[in-house]
Each structure stands twice: as structure tokens, then as C-alpha cells.
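Asks: This is the structure alone, sequence omitted:
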């Protein structure tokens with residue numbers, strides 16, 4: 001992505017509705033898994049390191065990212081950060097109980113998404129878990145996708161096929177961001193040019209709170225059910241024992 005985007009994320013990640021809402025959803029999903037008490041966790045594509053903070057509630061996280069600016073920011077959150085590609089993880093086989101990957105395999109820098117998922121499967125222990133999130137629906141592509149160098153937005157059958165091809169068993173595959181989809185569609189319709197710009201800007205406090213609540217509330221539904229359509233896709237997959 002554009003280097004300035006890492007600056008935006010590092011500045012706003014702790015309070016922006018997207019990151020806070022998605023954190024609530026991810027934590028709810030992960031707490032339902034059978035993880036060891038002090039799980040070894042890899043955040044594959046950790047960005048500026050926001051995930052390395054909240055993942056400490058589940059175990060001991062390690063982060064990797066390809067971009068040096070991201071690594072510089074993430075290293076402020078944790079000493080367990082390295083510059084590396086998700087397509088060539090610098091870890092031995094079966095090193096982690098959990099791998100998380102949020103908005104990474106969709107990226108232009110990932111030339112082989114199935115290969116990246118196979119790398120994740122390689123470093124997972126037998127019975128280990130992957131939580132992966134990717135943007136959904138190419139018809140939602142907009143100016144922000146140019147800013148963050150989106151290669152592709154996924155459909156659920158496509159993500160299912162790629163996870164299966166990597167040798168992982170899918171336990172949950174759902175859309176997220178359903179309640180906010182109409183607002184996103186309206187925003188895309190109103191975009192009048194093709195100039196790249198960021199969606200990572202902080203709205204007025206009451207709007208930010210409302211959007212956070214709308215997104216975070218989906219965690220209650222997702223405890224028992226899936227959502228049929230949304231801004232992103234979230235999958236929980238397991239390496240066979």
C-alpha cells in the first residue's frame with residue numbers, strides 16, 4: 001500500500017470504527033476456539049502492529065510484515081516483529097497454534113494467495129487454527145483499493161476453494177460488515193473520479209461510535225450463524241491433526 005497509509009493506520013487504529021469493530025468480531029470468534037493457555041500466535045501481515053496488542057489476551061504473538069514502514073511501527077508494540085513475506089515465512093514447520101491474517105492475501109504484493117495459505121498451513125501445528133479476513137466483492141472496488149494496492153476482492157466460494165487447496169479444513173466462512181454494506185455502496189456510487197485516496201479517516205465522534213457499534217454488534221449473530229453478504233469475508237480454518 002502507499003506508505004502514507006501506514007501513517008494513517010498507526011495514528012487511528014486504536015479508535016477508528018473499522019479497526020475497533022473488527023477487533024471485537026475477531027476476539028469473539030477466537031475465544032470460541034480451543035487454544036492452548038499460552039498459545040504461540042503469528043499475525044501474518046501485522047501492519048502497524050495493532051493486532052499484536054490485543055492478541056496478547058490469547059497468547060504470545062509474533063508479527064511479520066513485508067513493508068519496512070509497517071515493521072517500524074509494529075516494533076513499537078512488540079519486540080517479536082520481523083520483516084518478511086507471507087509467501088516465505090521465516091519460521092520452522094509447526095511453530096504456531098494460531099495464525100491470523102487480516103487484509104493481507106488480497107494485496108498486489110501477494111502474487112500467489114494459495115501459496116501464501118500453504119505457507120500458513122506449514123507453520124501451523126497439527127490442529128492449529130487460521131483466522132483470515134479479506135475484502136469481498138470486486139464490484140465494491142473503489143478509490144481506497146487503489147490506495148492500499150488491492151489485487152483482488154474475493155467471493156465466498158473462491159475463498160473456500162483456496163483454503164481447501166492449501167490443505168485446511170474450513171470451520172466457519174462468513175461475511176462481515178453486513179450492516180454497513182449499504183453505506184459502502186452509497187459511498188462508492190458517490191465517488192466521482194478514479195483518484196486514489198484513503199478511507200482511513202476519523203469521522204466525528206458520534207458517527208465513529210455509531211459505526212463501531214453497528215460493526216461490533218455482528219459478533220453476537222456470528223456466535224451461532226453466518227452472514228450472507230458484507231464488506232469482507234472472515235474464515236476460520238484448521239490444519240488437520
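Replies: Happy to help now that I have it. If you're wondering where the values come from, they're calculated on a predicted model, not measured in any experiment.
Asks: Beyond the helix or strand of the chain with the lowest mean pLDDT, next helix or strand please.
Replies: Here the helix or strand of the chain ranked lowest by mean pLDDT, DSSP states H and E is helix 143-147, holding a mean of 74. Using DSSP states H and E, the helix or strand that follows helix 143-147 towards the C-terminus is helix 156-165.
Asks: And the lengthiest helix in the chain, what's buried?
Replies: Determined from DSSP state H, the single longest helix within the chain is helix 17-31. By neighbour count on 16 or more other CB atoms under 10 Å, the buried set for helix 17-31 is 17-27, 29-30. Every residue, glycine included, has its C-beta placed from N, CA and C.
Asks: Kindly report the same for stretch 200-216.
Replies: By neighbour count with 16+ other CB under 10 Å, stretch 200-216 contains the buried residues 200, 208, 211-212, 214-216.
Asks: Please work out which residues outside whatever helix or strand comes next after the longest helix of the chain touch it.
Replies: Once the chain leaves helix 17-31, the next helix or strand it forms, by DSSP H and E, is strand 39-44. Applying CB atoms under 8 Å, 6 or more residues apart in numbering, the set of residues contacting strand 39-44 from outside is 51-52, 55, 58-64, 86, 89, 91, 95-102, 104, 116, 120, 123.
Asks: Weed out the non-buried ones from the residues you listed.
Replies: Buried by 16+ other CB under 10 Å: 51-52, 55, 58-59, 61-64, 86, 89, 91, 95-102, 104, 116, 120, 123, out of the contacts of strand 39-44.
Asks: Run through the protein and note the low-pLDDT ranges.
Replies: 192-197 (pLDDT under 70).
Asks: What segments of it are strands?
Replies: Using DSSP state E, the strands of the chain run over residues 39-44, 59-65, 81-83, 96-102, 124-135, 169-176, 232-238.
Asks: Residue 220: which of the ones you listed is closest?
Replies: Among the strands of the chain, the nearest to residue 220 by CB to CB is strand 169-176 (12.6 Å).
Asks: and that closest one, which residues are buried?
Replies: 173-176.
Asks: Report all helices and strands that that strand contacts.
Replies: When contacts are defined as 3 or more CB pairs under 8 Å, 6 or more residues apart in numbering; DSSP states H and E, strand 169-176 packs onto helix 17-31, helix 156-165, helix 218-222, strand 232-238.
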